[in-house]
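> sequence and predicted structure are below.
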Amino acid sequence: MSKIWSCIILISIIIAFLTGNPNAVTSSVMSESKIAVENIITLTGMMCFWSGLFKIFENTSLLEKLSNKINKLVLRFFDKNELTKEAEKNMSLNITSNILGIGNAATVNGIKAIEAMAKVNKSDKPSNNMTKFVLINTASLQLIPTSMIALRTLYGSSNPTNILIPVWIVTIVALVVGLVSISILNKIIK
Amino acid sequence: MLNYIAVSTIPIMIFIIIIVGVKEKKDVYNLFIEGAIDGLKIVYKIFPYVLGITVAIGLLRNTNALNIILTPVIPLLNKLGVPMDIIPLMALRPLSGAASTSLVMDIFKNSGPDSISGKMASVIMGGTETTLYTITILFAAAKTKSLRGTLIAGLLADSVAIITAIILINIGII
């Protein structure tokens, strides 16, 4: 990230000088800093609201109930012989939280799940189950992209929720491509 | 009909969360406040990232550097239906959540959320995840010494997802 960031800034400044417009740099730094503050303020209320709402959710039994429901479906993707009960439970909780869009809970359960898998893993390289689990986490399973919809509303979209169907299509495409390619790569990279 | 379901999802979600909280006799209001404070902490933590990226991308745009760098590929991008302001998002999406959020806000502010690039940005953000961050956190917890194929597979999935998003918007799905 450091390299990308420095490159962007240095190249911009060099080009500003080459095109005889160094003033654009100064004015841009000033105006863009102001825009950053405006953007973060736009974001703040929404972030706090969802964070508050999801805190209620995390404390109800709803998450666990839903998690038990999808447990069987989730386990179909993994090699059950290598999974402990603890890993199974946390995996389902992690995937349920991801689907519901509760980022905090997803991270905590995801870490517990992979730790449980690491315990029974004999090698110092990740097992097939671990790579698959990580891949599922890199796909955005979130059913309702609440923060994106809220952000669209804030910036005056006439139909903020119309992104739902394309988002689902994109998510499924990413998930399928990810799982297929990791299954292939698991055989190649041992 | 479909649109009605879509616009109802958020109200229904809020309703269900609160009603279940009340039914299970949780201290919903204080939980909400507690969570909102966490939200504020997140905002506080990501502001420096948003500042860094907004200024850097603003420089790239205002000094005309983005135009100049992309000049050789602009005809190709036009042919493929890729708006220029989507390019930085395509590159940064797997790397940083805060950076891509600020890029999206940038696009919304300059072109509007209902423009072609605004729609593409929304779908890309909604349909993909911060792949590199996720892989880092999970494998750090597992203390493994290699990533095996995860990074390649994750980035491949992201690329295909982004291309799908661009195609879907270009064929006018919304």
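Arrived safely. Nothing here was measured: the structure is a model prediction, and the numbers come from that model.
> tell me how many other residues crowd residue 15.
Chain wasn't specified; assuming chain A. Using other Cβ atoms under 10 Å in any protein chain shown, the number of residues around A:Ile15 comes to 21. Using the backbone N, CA and C atoms, a C-beta is placed for each residue, glycine as well.
> right idea, wrong chain: chain B
B:Phe15 is flanked by 11 other residues according to other Cβ under 10 Å.
> the helix or strand where it lies near chain A at all?
Assigning secondary structure by DSSP states H and E places B:Phe15 in helix B:2-23. Yes: contact of helix B:2-23 with chain A (Cβ under 8 Å from any Cβ of the partner chain) involves B:2-3, B:6-7, B:9-10, B:13-14, B:16-18, B:20-21.
> out of those, which comes closest to B:Gly52?
When these are ranked by distance to B:Gly52 (Cβ to Cβ), B:Ile10 comes first, at 30.9 Å.
> next, B:Pro94: phi, psi?
The phi and psi torsions at B:Pro94 (degrees, to the nearest 10) take the values phi -70, psi -20.
> try B:Ile116
The main-chain torsion angles of B:Ile116 are listed as degrees, to the nearest 10 and equal phi -60, psi -50.
> ok so, going back, I'd like the next helix or strand past the helix holding B:Phe15.
From helix B:2-23, the next helix or strand downstream (DSSP H and E) is helix B:28-62.
> in that next one, what counts as buried?
Of the residues in helix B:28-62, those scored as buried under the neighbour-count criterion (16 or more other Cβ atoms under 10 Å in any protein chain shown) are B:28, B:31-32, B:34-36, B:38-40, B:42-43, B:46-47, B:49-62.
> over to stretch A:53-69?
Buried positions in stretch A:53-69, judged by neighbour count with 16+ other Cβ under 10 Å: A:53-60, A:62-63, A:66-67.
> got it, and stretch A:158-165?
By 16+ other Cβ under 10 Å, the buried positions in stretch A:158-165 come out as A:160-164.
> restricted to strands, list these.
Restricting those to those inside strands, with DSSP state E as the criterion, leaves an empty set.
> just those residues that are near chain B?
Among these, the residues within reach of chain B (Cβ under 8 Å from any Cβ) are A:160-164.
> what about the residue sitting furthest away from the middle of chain A, is that helix, strand or coil?
Within chain A, A:Gly20 marks the point farthest from the mean C-alpha position, 41.8 Å out by Cα atoms, centre = their mean. Remark: A:Gly20 carries the secondary structure label coil [criterion: DSSP: H, G, I helix; E, B strand; the rest coil].
> what's the average pLDDT for stretch B:131-144?
The predicted model assigns stretch B:131-144 a mean pLDDT of 90.
> and that stretch, how far from the chain's centre?
20 Å (Cα atoms, centre = their mean, to the nearest Å).
> pull the residues that contact that stretch.
By Cβ atoms under 8 Å, 6 or more residues apart in numbering or on different chains, the surrounding residues in contact with stretch B:131-144 are A:107, A:110-111, A:114-115, A:117-118, A:121, A:124-126, A:130, A:133-134, A:137-138, B:94-97, B:147, B:150-151, B:154-155, B:157-158.
> tell me which of the residues you listed fall in helices.
Using DSSP state H, the subset of those located in helices is A:107, A:110-111, A:114-115, A:117-118, A:130, A:133-134, A:137-138, B:97, B:150-151, B:154-155, B:157-158.
> hey, where'd the helices end up in chain A?
A:2-18, A:23-58, A:62-75, A:85-100, A:103-120, A:128-138, A:146-154, A:164-188.
> and the fourth one, what other elements does it pack with?
Contact partners of helix A:85-100 among helices and strands, from 3 or more Cβ pairs under 8 Å, 6 or more residues apart in numbering or on different chains; DSSP states H and E: helix A:62-75, helix A:103-120, helix A:128-138.
> deepest in the core, which of those is it.
Looking across the helices and strands packed on helix A:85-100 with neighbours counted as mean count of other Cβ atoms under 10 Å in any protein chain shown, the highest average goes to helix A:128-138: a mean of 25.
> tell me which other helices or strands that helix touches.
Secondary structure elements in contact with helix A:128-138, counted by 3+ Cβ pairs under 8 Å, 6+ apart, are helix A:85-100, helix A:103-120, helix A:164-188, helix B:131-142, helix B:150-170.
> before we move on, the earlier item: make CSV out of the ones next to chain B among the buried residues of stretch A:158-165 and add pLDDT.
Listed next are these as CSV, based on pLDDT from 0 to 100:
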residue, pLDDT
A:Pro160, 92
A:Thr161, 91
A:Asn162, 91
A:Ile163, 93
A:Leu164, 92
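> stretch B:109-127: which residues count as buried?
B:109, B:111-127.
> just want the most central residue of the chain.
Since no chain was named, I'll use chain A. If you average the C-alpha coordinates of chain A and look for the closest C-alpha using Cα atoms, centre = their mean, you land on A:Ser140, 5.4 Å from that point.
> was after chain B, sorry
For chain B, by Cα atoms, centre = their mean, the most central residue is B:Met125; offset 2.9 Å.
> who's in contact with that one?
Listed by Cβ under 8 Å, 6+ apart, the contact set of B:Met125 reads A:145, A:148, B:89, B:93, B:100-101, B:104.
> if you set the cut-off to 10 Å instead, what comes out?
By Cβ atoms under 10 Å, 6 or more residues apart in numbering or on different chains, the contact list for B:Met125 reads A:140, A:145, A:147-148, A:151, A:163, A:167, B:89, B:93, B:97, B:100-101, B:103-104, B:107, B:165.
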